[in-house]
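Got a sequence here, can you model it:
(2 chains)
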Amino acid sequence: MIRLEKRPQPSRAWSMATPLVAVIATMIVGGLLFAALGKPPVEAIRTIFWEPLFGEFSFYYRPQLLVKGAPLVLIAIGLSLGFRAGIWNIGAEGQYIMGAIFGAGAGLAFYPSESFLIFPFMVLAGAFGGWIWAMIPAILKTRFGTNEILVSLMLVYVAEQFLASVSLGLLKNPEGFGFPGSRNLQSWDAAHNAELLTGTGMHWGVVAALIAVIFAYVLLNRHMTGYHIRLTGEAPRAAKFAGVNPTRLVLFCLGTSGALAGLAGLFEVSGPSGQISIDFNVGYGFTAIIVAFLGRLHPVGILLAGGLMALTYIGGDIAQSNLQLPAAAIQVFQGMLLFFLLAFDLLTNFRIAIGKPEVA
Amino acid sequence: MTVPLLSLQGLTKAYPGVVANDTVSFDIGEGEVHALLGENGAGKSTLVKMIYGLVKPDSGKMLLRGQPYEPAEPRQARADGIAMVFQHFSLFDALNVAENIALGMENPPEMRDLAARIREVSETYGLPLDPYRTVGDLSAGERQRVEIIRCLLQDPKLLIMDEPTSVLTPQEVEILFKTLQKLQSEGTSILYISHKLEEIRTLCDHATILRLGKNVGECTPSETSARDMAEMMVGSTLQTPERGSREFGEVAMDISGLSVPAPSAFGTALKNVHLTVRKGEILGIGGVAGNGQDELLGVLSGETLTEPDAVKLHGQPIGKLGPTARRKLGVLAAPEERLGHAAAPDMSLTENAMLTGSVREGLEKNGFLDWGATKDFAERIIKAFDVRTPGPGNAARSLSGGNLQKFVIGREVLQDPDVLVVNQPTWGVDAAAAASIRQSLLDLAAKGAAVICISQDLDELMEISDSFAALNEGRLSAPREAAGLTVDEIGLMMGGAHGMEVAHV
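Predicted coordinates for the structure are as follows:
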């Protein structure tokens, strides 16, 4: 009989190896899936993982990796802090929207000024927008004990309604011939989050994501707040004994993740997207949850996971158009990755033993 | 020559890295009360689990009345007339007594018939128990009765009892002993596991002593001194902690008129607690588990906040200060639950040293952590308290209970507290290590610290405390000088027999 035995302490080797093993397992099972659909499996896997990086058109896809990866990493870093402490912000999508609205709104209020202060002001306003949206579940939780999962999630739908409302009203482009959506920030230099180096996809959001990774790493490993976050996640009673103030921790974690999601929204609206519109949000806030777990809530892991996720998105798109793979198959493929990661993750804390179970 | 009821011959059981039982042999006669003595980790539990069919021996055999006996599972052991009362009860708080008992039976009879049988058995053996009471409302002693009656309904030939008195007041122990003696007089054999030597001397006919998995000797308890038995258990001469005579200083900590509601449905409310402890004094607080010990520790450590004036340190109100602020002032605590409360299981010992050490050991500057200094601190604890571990990088959960306990106590003692509160400081720790922990508490008091020691081990409290009080249903009895207290007086302070009827056997 096969059974699982708890390891006396977590295995470091497995904790490093699981992401790699999961990717390999996904390739194998994904290949079988594509073969079953009558597509060449090796070709399909190669298209997804190789084409965007080193293929013929990689000059176009590589910048796209940064553009797609940056918001995922930025949001996931914020979420991971809370997840580590058992504080579940599921509403990053809403905070992302509010960050974009606040940031774009703050900029557009000064249109058509060309002051160099406008973009920094928009960045602050974007972070504030995400932060304030996250403060709603935070304060409801700390004051009235509501469940932050439900409140933050439902606020996503409120934010979407709000987005539609400002696209049609408050922020609508007066010169837009009545179409919904704000002015295009790309064509207003003072507010444009342009590429820092042309053709690389490198914009301020990518810089912010890298800074966030370093910030989170230092926080978790070298700072008391980070230590308290980890302690709360691992042993809530021990955290209380250590003197952790749970209220402050909830406010900090939700606030930080909200602000980072807001920043991601602002960099998106002022850069790659360009304008506030009804369909501005495309699910980065939800995908970031997967990225956070795929990166095992570790800052460096999240950086890699964000890259991998962006890769499968772009590679998946290429596979759809080149090989006529159905979109659903790509989604299954991406889901498989998370599934295998969580499954192999078990081996960090458990080992497989073969034999008769015994009560020790 | 009579055939023994159960004969163990060369039982061996090894786990990875440790031989739990090494060719253990002994016999249990019909109608005999047989003691199994040994320190924590000596292999007592593994041995009885083999008898009860929970664990299969690697080699050796067992004979039940001369017939080979190889229980594959507890059900078979029960069918062969072997019953066991575990140290930790497996009862559902929300169900009543009869329902709990029915759950453990193969073919439970009608509830009405079962209740009648429970009444009958409980009265025969002097363990009065109402079958319709909810288990959540019962005291620890009454819960144990439920477990015992559950066993007696099977009419066992051998009753195994694992540390049965650790949750009882002295009066409750007396009732239990009368029951056991009655069972014995009816021909039931009892295998009695304990490390309380005086108990064994009064109750048992014969004792087998285990040390490191081996049978190291047998004796007749009534003819052997407790000290000799203890030395057989430990394998060396016991160091009795030394207490010099001490001068008490001014009042260090002072609690007056403190009441705190119960934190959860099955928690205990503290009711009008008064307590003072002076510099250099050790205040022992006894009581059966679940009478407010955890809650009292929470109030002292700062996990539970109260009115400012309810808790005072050197006359200053500190009731509203949290754990970190109290540590800064010199009030340290070591909770009972090691994994998850005193220490985070998956974190390394270094990280766990940070848990309470950050303020007083200067491991934090402007919010940034000094891991180098923390590792040094963890290493100092490991060295000073002889914690057996490959190094401070190991996870807390990889340590044995006793070793982690040494780490947890050492972490607080080395921080040089003004007031130290410990809950069950030597629970699960072997005798030699327990003696060194007690010695460190005495040394701390000798240096002028005030120590509050909450414990269920009365021998321990008598050994180290200067004054003694007991918790009973969240009330703290008035403290009395420890020297000269009798067992009866202590028992009454602990709530006597908790309103349980005294047995009429």
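
rest of the way, CA atoms for contacts and neighbours
Noted.

quick one, domains of chain A?
A:1-26+A:328-360, A:59-324 (automatic domain parsing).

What parts of chain A come near chain B?
Selection of chain A residues close to chain B by Cα under 8 Å from any Cα of the partner chain yields A:8-10, A:222-225, A:231, A:234-243, A:358-360.

Could you list which of those residues belong to helices?
Among the residues of chain A next to chain B, DSSP state H puts A:222, A:224-225, A:231, A:234, A:236-242 in helices.

between those residues, which is closest to chain B?
Nearest to chain B among those is A:Ala238, at 4.1 Å by Cα to the nearest Cα.

And the closest one, how close does it get to A:Phe267?
Distance check for A:Ala238 against A:Phe267: by Cα to Cα, to the nearest Å, it reads 39 Å.

So which of these two has more stuff around it?
Shown here are A:Ala238 and A:Phe267; by other Cα atoms under 10 Å in any protein chain shown, A:Phe267 has more neighbours (33 against 27).

Residue ranges of each domain in chain B, please.
B:6-234, B:245-330+B:418-496, B:339-416.

can you give me the helices for the stretch 151-300 of chain A?
A:204-222, A:224-234, A:236-242, A:246-270, A:284-294, A:299-323 (DSSP state H, counting those that start in this stretch).

still on that earlier bit, lowest average confidence across the domains of chain A, which one?
When the domains of chain A are ranked by mean pLDDT, domain A:1-26+A:328-360 comes last with a mean of 80.

How about the residue of the stretch 351-500 of chain B found nearest chain A: what's its closest non-neighbour residue?
Relative to chain A, the nearest point of the stretch 351-500 of chain B is B:Phe368 (4.4 Å; Cα to the nearest Cα). The shortest distance from B:Phe368 to any non-neighbouring residue, by Cα to Cα, 6 or more residues apart in numbering or on different chains, is to A:His223 (4.4 Å).

coming back round to it: please work out which of the helices of the stretch 151-300 of chain A is packed deepest.
The highest average neighbour count among those, using mean count of other Cα atoms under 10 Å in any protein chain shown, belongs to helix A:246-270 at a mean of 28.

Tell me how many other residues surround the residue of the stretch 351-500 of chain B closest to chain A.
17.

now it: how far from A:Gly226?
Where A:Gly226 is concerned, B:Phe368 sits at a distance of 10 Å (Cα to Cα).

for B:Ile193, same thing?
For B:Ile193, the distance to A:Gly226 - Cα to Cα - is 46 Å.

my read: B:Glu73 touches B:Tyr52, true?
Yes. Contact status for B:Glu73 versus B:Tyr52: in contact at 7.4 Å, counting by Cα atoms under 8 Å.

Between these two, which has more neighbouring residues?
B:Tyr52 (23 against 16).

so what's the more buried one up against?
Contact analysis of B:Tyr52 by Cα atoms under 8 Å, 6 or more residues apart in numbering or on different chains lists B:71, B:73-74, B:77-78, B:82-84.

mind listing what the closest residue to B:Ser348 other than its chain neighbours touches?
Leaving aside its chain neighbours, B:Ser348 sits nearest to B:Ala395 (4.0 Å; criterion: Cα to Cα, 6+ apart). By Cα under 8 Å, 6+ apart, the contact set of B:Ala395 is A:9, B:345-349.

hmm, back to that, need the helices of the stretch 151-300 of chain A in JSON lines with distance to B:Arg143, can you?
Shown next, in JSON lines, are the helices of the stretch 151-300 of chain A (distance: least, Cα to Cα, whole Å):
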{"stretch": "helix A:204-222", "distance to B:Arg143": "45"}
{"stretch": "helix A:224-234", "distance to B:Arg143": "32"}
{"stretch": "helix A:236-242", "distance to B:Arg143": "27"}
{"stretch": "helix A:246-270", "distance to B:Arg143": "36"}
{"stretch": "helix A:284-294", "distance to B:Arg143": "44"}
{"stretch": "helix A:299-323", "distance to B:Arg143": "50"}
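
Quick check: pLDDT value at B:Val85.
88.
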